[in-house]
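[1] Coordinates for the following, if possible.
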Amino acid sequence: ESKLIIEINYGPKLRLSFCRRLWYSMFYVKTLEHEIVLEPLHFGPKLKATLVRLLKEEVEGLALANYGYVVNVIEVPESKIRGGIIEHDTGNVVFYVKYTALLLRPFINEVLDATVSQCNLLGFFAFVGPLRIFVSKHSMPDDFGFDRETDAWISDDKEVVISAGCGVRLKIKGRTVEQGNINAIGTIKDCYLGLIDDASGEIGE
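    Residues are numbered from 1 along each chain as shown. Have a look, this model is predicted:
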């Protein structure tokens, strides 16, 4: 399977990569609206640039319950910035800004490629961009056991080793939104799921 790798700078520390298959599923583009409160000292010829900067700071990385993570603000049309409303008690001005955003939302039963970040006795955690997914030991094949010395889940025949840094293919079984974060529960106990990259650079098919 040929893959088109696309990279997005997600904040200052995270670079997010995903393949063509994921682009058509959990990543999508949508127009949203956000409220920005601006102090009078920001008024001037650079007003739009200030609004765009504040919009990016406030929404990028934010988890919206109905839409998912805001990965990137793509466009802010000037015609979609509504005239400000003055707050009489503070003198600040409230702007309502419509913007086009790239969003990340996991769907139930969706199959994703993720990177393992941590293994423990209960299972392992993996990430797809900002999305954290937990796979319980009960959602792994029955022949897997946890090795305390290497902090890895290993099959009985020693051929499959899941540890931090590995790539796995998993299926989303549930998701929750808590304190501005979206967390998901996954499984590798199904056909064609499991280890796809042992962190050596070799991808399994």
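[2] Show me the helices in this protein, by range?
    20-23, 47-59 (DSSP state H).
[3] ranking the ones you listed by mean pLDDT, which is last?
    Mean pLDDT per stretch puts helix 20-23 lowest among the helices of the chain, at a mean of 42.
[4] so where's this structure shaky on pLDDT?
    1-25, 179-180, 200-205 (pLDDT under 70).
[5] again, only this time at 80
    Residue ranges of the chain with pLDDT under 80: 1-26, 41, 65-66, 83, 177-181, 199-205.
[6] Select, out of the helices of the chain, the one closest to Glu110.
    For these, proximity to Glu110 was assessed by Cβ to Cβ; helix 20-23 is nearest, at 9.1 Å. C-beta coordinates here come from the backbone N, C-alpha and C atoms, glycine included.
[7] quick one, phi psi at the nearest residue to Asp198 once chain neighbours are set aside?
    Spatially, and ignoring its direct neighbours in sequence, Asp198 is nearest to Cys166 (5.8 Å; Cβ to Cβ, 6 or more residues apart in numbering). Phi and psi for Cys166, reported as degrees, to the nearest 10, are phi -80, psi 160.
[8] residues contacting Cys166?
    By Cβ atoms under 8 Å, 6 or more residues apart in numbering, the contact list for Cys166 reads Thr115, Val116, Leu195, Asp197, Asp198, Ala199.
[9] Could you give the number of residues near Ala63?
    19 (other Cβ atoms under 10 Å).
[10] And for Asp151?
    Number of residues near Asp151 (other Cβ under 10 Å) recorded here: 14.
[11] So what sits opposite the residue nearest to it when sequence neighbours are not counted in the bridge?
    In space, and not counting its chain neighbours, Asp151 is closest to Cys119: 5.1 Å by Cβ to Cβ, 6+ apart. Residues in a beta bridge with Cys119, per DSSP bridges, are Phe124.
[12] just checking, Cys119 touches Ala164?
    Yes - contact criterion Cβ atoms under 8 Å: Cys119 and Ala164 qualify, at 6.4 Å.
[13] quick one on the thing from earlier: how about the helices of the chain in CSV, adding distance to Thr176 and mean neighbour count?
    Formatted as CSV, these follow (distance: least, Cβ to Cβ, whole Å; neighbours: other Cβ atoms under 10 Å):
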stretch, distance to Thr176, mean neighbour count
helix 20-23, 21, 14
helix 47-59, 21, 16
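[14] Out of the ones you listed, the one nearest Asp151 is which?
    helix 20-23 (27.7 Å).
[15] quick one on the thing from earlier: any shared contact partners between Cys119 and Ala164?
    Common neighbours of Cys119 and Ala164 (Cβ under 8 Å, 6+ apart) are Asp151.
[16] between the two, who's got more neighbours?
    More neighbours surround Cys119 than the other of Cys119 and Ala164, with 22 against 16 (other Cβ under 10 Å).
[17] what's the more buried one in contact with, if anything?
    By Cβ under 8 Å, 6+ apart, the residues touching Cys119 are Phe125, Phe146, Asp151, Ala152, Trp153, Ile162, Ser163, Ala164.
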